[in-house]
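>>> Okay, predicted coordinates and the sequence, questions at the end:
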Amino acid sequence: MSNPTLLSNTLSSGYRELCQSLHEADDSWGIASVHQAPMVAAIINQNKFTEILDYGAGKCRLGEALSDKITHAIALTNYDPAIPDIAESPDPSEFVACIDVLEHIEPDYLDNVLSDLQRVTEVAGFFTISCRKARRILGDGRNAHLIVETPEWWLVKLREKFDIPNFSYSNGTLSVLVKAQEPSIQE
């Protein structure tokens, strides 16, 4: 079921237009997911996940890169609020891949995006986050990585919404396996 209120609170209309223009104009924008496909496929295959959501899919390259690496049938959903064809708020999925997305979120919208990721992650997810400035400058003059923070900062933010059984940090990128938190029992 779509949640239009939350969707409108995940990015500003101006930033949506800026991102959409960048995706249309630059074919090299959004290649990080291809490099992460072997890791994503290993997690999917090991856990036999059948529902996969690519959150922040851009040009949908992760799905293409996974096509020959998955050992069983999967249903893949692509979601990106800046791409009109895949901008509808997604339903929850067993597994969520969020590759090279969170550092691009407008700071005022990060908590909303993390809440939305929590909503759509039924079992587990794999997120990668760059912790350094991008080489690319946006059309409005900002660095493409709108949030540049330490791995420790990101882990604190992610632990507010997820359990984190495993993470690594290498070459400026934080890779995090997240699990849906068990609902707390209210007394």
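Received, thanks.
>>> Only C-alpha atoms from now on, for both contacts and neighbour counts.
OK.
>>> which residues does residue 74 contact?
49, 50, 51, 52 (Cα atoms under 8 Å, 6 or more residues apart in numbering).
>>> For the protein, which segments are assigned as strands?
51-55, 75-79, 93-99, 121-130, 162-170, 173-180 (DSSP state E).
>>> quick check: mean pLDDT across the biggest helix by length in the chain?
Secondary structure of the chain read by DSSP state H shows that its longest helix is helix 32-47. The pLDDT scores in helix 32-47 average 95.
>>> got a list of contacts for it?
Residues outside helix 32-47 that contact it (Cα under 8 Å, 6+ apart): 50, 61-62, 65-66, 69-72, 95, 97, 99-100, 126.
>>> what comes up buried for it?
The neighbour-count check on helix 32-47 (16 or more other Cα atoms under 10 Å) flags 33, 34, 36, 37, 38, 40, 41, 43, 44 as buried.
>>> quick one: which of the contacts of residue 74 has the most company?
Among these, the one with the most neighbours (other Cα atoms under 10 Å) is residue 52, at 22 neighbours.
>>> Next one: the residue most central in space within the chain from residue 140, what distance?
Centrality entry for the chain: nearest residue to the mean C-alpha point is residue 98, 2.1 Å, by Cα atoms, centre = their mean. Computed as Cα to Cα, to the nearest Å, the residue 98 to residue 140 distance reads 25 Å.
>>> so where is this protein shaky, pLDDT-wise?
Applying pLDDT under 70 to the chain flags residues 1-8, 184-187.
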